[in-house]
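Novice: Structure, please.
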Amino acid sequence: MGRISRRAFAVAALSALTAAPAASAAPGRTGHRRGAVTEMRGMWLATVNNRDWPSRAGLGASEQRAELIEHLDTAVRHRLNTVIFQVRPTADALWPSEYEPWSQYLSGSQGRDPGWDPLGTAVEEAHARGLELHAWFNPYRVALRDDPAHLVPSHPARRNPGWVVPYGGKLHYNPGLPEVRSFVQDAMLDAVRKYPVDGVHFDDYFYPYPVAGRTFDDDDAFRAHGGGFPSRAAWRRDNIDRLVRETAARVKRVRPTARFGVSPFGVWRNAATDARGSDTRAGVQTYDDLYADTRKWVREGWIDYIVPQLYWHIGQDAADYAKLLPWWAEVARGSRTRLYVGEALYKAGDPAEPAAWQDGEELSRHLALAADHPQVRGHVFFAAKDMAEDRIGAMARVSAGHYARPADTPR
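Specialist: Have a look, this model is predicted:
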């Protein structure tokens with residue numbers, strides 16, 4: 001084949017994409033077909049700080065709804081089958097919650113009714129398009145500022161100030177308090193009870209990412225509840241283990257068909273720290289820094305799926321996608337937990353990123369590499385705004401080259 005410019009290739013790929021049958025033909029909500037392709041093809045739709053949606057706080061209900069539907073239609077055009085929708089970004093709600101206030105990212109003011117039901121609409125419109133809708137919750141993040149006065153007076157964090165730890169300029173619920181763990185589950189399960197969501201999803205935030213020179217002050221909780229543990233770190237990991245196990249059990253009781261998954265930071269531990277770890281030199285390790293033993297959750301089968309955020313390019317020095325992918329495949333081998341891979345679509349074409357991410361084929365190479373590992377059952381792309389923009393045609397190439405046929409979600 002003769003040489004062709006990247007732009008010409010992207011245009012050709014996009015033309016093939018838009019001419020192909022729509023993903024709404026996929027039976028994501030109507031049952032699996034014999035002989036059909038079965039893999040996760042997901043997209044995160046982030047609402048914190050209006051990252052993906054709504055485009056800004058304060059839009060009218062009709063404008064917000066139209067933007068939301070446009071994102072769902074983008075997923076359909078790329079023959080995806082799942083949208084992971086962030087519905088509790090900061091101890092708030094994108095549905096009429098019995099426990100927490102309406103999100104400020106809708107109206108611009110926390111607690112103000114936006115005049116419609118975003119989660120209810122998202123579930124209905126996703127299902128109408130053959131898409132699954134997974135409700136994405138952040139368990140412990142309360143606010144992106146550390147002054148409780150910015151919360152509405154009725155906010156649970158203001159009514160229960162002892163639940164809250166200021167850290168790194170933000171407010172966090174204390175995972176070491178059993179009453180906090182119970183409350184955040186109640187708040188999240190309110191949505192699962194009210195809506196026929198297909199999944200419940202946590203991201204990578206458990207204990208907060210470390211901030212240099214700052215200490216997460218859970219001394220009182222450790223004195224009250226940490227007896228019998230060899231270290232504070234072991235106690236913190238047990239707190240997160242309990243959150244995961246209890247949430248999994250409660251989801252199954254409330255909505256047995258819903259799957260429970262987590263998308264952690266992509267490095268569990270470096271091999272230099274633990275011989276079982278990956279051949280990486282990452283500055284953050286989920287086991288040690290976020291107190292999330294993600295490897296255990298997979299090996300024990302506590303979660304239905306895991307989506308490690310492998311947000312590095314092939315050949316990256318400290319964390320090579322080509323080394324992390326087989327590591328996670330080995331972790332998932334023999335487990336009931338499905339392995340999907342989190343992909344950094346947002347880096348494609350970003351001039352601040354390394355040269356690898358200026359190549360529209362980088363993501364396609366990720367999928368080709370994953371095809372050699374049967375434990376990998378699909379991919380999830382971050383995030384919706386970047387999929388809509390598709391700066392250098394990276395997603396169009398993925399869709400044309402890897403998603404030619406519709407796919408059912410794994411069961």
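Novice: residue boundaries of the helices in the stretch 151-300 of the chain?
Specialist: Using DSSP state H, counting those that start in this stretch, the helices of the stretch 151-300 of the chain run over residues 156-159, 178-194, 219-225, 232-254, 294-299.
Novice: Quick check: beta-bridge partners of Val83?
Specialist: With DSSP bridges as the criterion, Val83 is bridged to Met43, Leu133.
Novice: of the helices of the stretch 151-300 of the chain, which approaches Ala384 most closely?
Specialist: helix 178-194 (19.4 Å; C-beta to C-beta). Where C-beta positions appear, they are placed from N, C-alpha and C, glycine not excepted.
Novice: which of the helices of the stretch 151-300 of the chain sits most buried?
Specialist: helix 294-299 (a mean of 21; mean count of other C-beta atoms under 10 Å).
Novice: and that helix, how far from the chain's centre?
Specialist: In this view, helix 294-299 has its centroid 17 Å away from the chain centroid, taken as C-alpha atoms, centre = their mean, to the nearest Å.
Novice: before we move on, what about stretch 281-297?
Specialist: For stretch 281-297, the distance to the chain centre is 16 Å (C-alpha atoms, centre = their mean).
Novice: per-residue confidence averaged over it?
Specialist: Confidence for stretch 281-297, expressed as mean pLDDT, is 98.
Novice: what do you get for stretch 377-392?
Specialist: Stretch 377-392 comes out at a mean pLDDT of 98.
Novice: what about it, how long is it end to end?
Specialist: 26 Å (C-alpha to C-alpha, to the nearest Å).
Novice: hmm, back to that, including distance to Ala149, could the helices of the stretch 151-300 of the chain go into CSV?
Specialist: Listed next are the helices of the stretch 151-300 of the chain as CSV, based on distance: least, C-beta to C-beta, whole Å:
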stretch, distance to Ala149
helix 156-159, 8
helix 178-194, 21
helix 219-225, 23
helix 232-254, 28
helix 294-299, 35
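Novice: which residues touch Asp386?
Specialist: Leu345, Tyr346, Ala348, Met395 (C-beta atoms under 8 Å, 6 or more residues apart in numbering).
Novice: Can you give me the distance of the last one to Ala384?
Specialist: Right, the one you point to is Met395. Using C-beta to C-beta, to the nearest Å, Met395 is found at 11 Å from Ala384.
Novice: Show me which of the two is the more surrounded one.
Specialist: Between Met395 and Ala384, counted using other C-beta atoms under 10 Å, Met395 has the larger neighbour count: 31 against 28.
Novice: That one should be in a strand, yeah?
Specialist: No: Met395 is assigned helix when assessed by DSSP: H, G, I helix; E, B strand; the rest coil, not a strand.
Novice: Hmm, it is touching Lys385, no?
Specialist: No: counting by C-beta atoms under 8 Å, Met395 stays clear of Lys385, with 11.7 Å between them.
Novice: Just to be sure, Gln86 is in a strand?
Specialist: Yes: under three-state DSSP, Gln86 falls within a strand.
Novice: what's the burial count for it?
Specialist: Neighbours around Gln86, by other C-beta under 10 Å: 25.
Novice: can you tell me which residues contact it?
Specialist: Gln86 touches Trp44, Leu45, Ala46, Thr47, Val48, Leu94, Trp136, Phe137, Asn138, counting by C-beta under 8 Å, 6+ apart.
Novice: Can you tell me how far the last one is from Ala234?
Specialist: In this structure, Asn138 lies at 24 Å from Ala234, with C-beta to C-beta as the measure.
Novice: Likewise for the fourth one?
Specialist: In this structure, Thr47 and Ala234 are 34 Å apart, going by C-beta to C-beta.
Novice: What of the fifth one?
Specialist: Using C-beta to C-beta, we find Val48 at a distance of 30 Å from Ala234.
Novice: Against which helices or strands is the one helix or strand Ile69 maps to packed?
Specialist: Secondary structure from DSSP states H and E places Ile69 in helix 61-77. Packing partners of helix 61-77 (3 or more C-beta pairs under 8 Å, 6 or more residues apart in numbering; DSSP states H and E): strand 40-45, strand 82-88, helix 118-128, helix 384-389.
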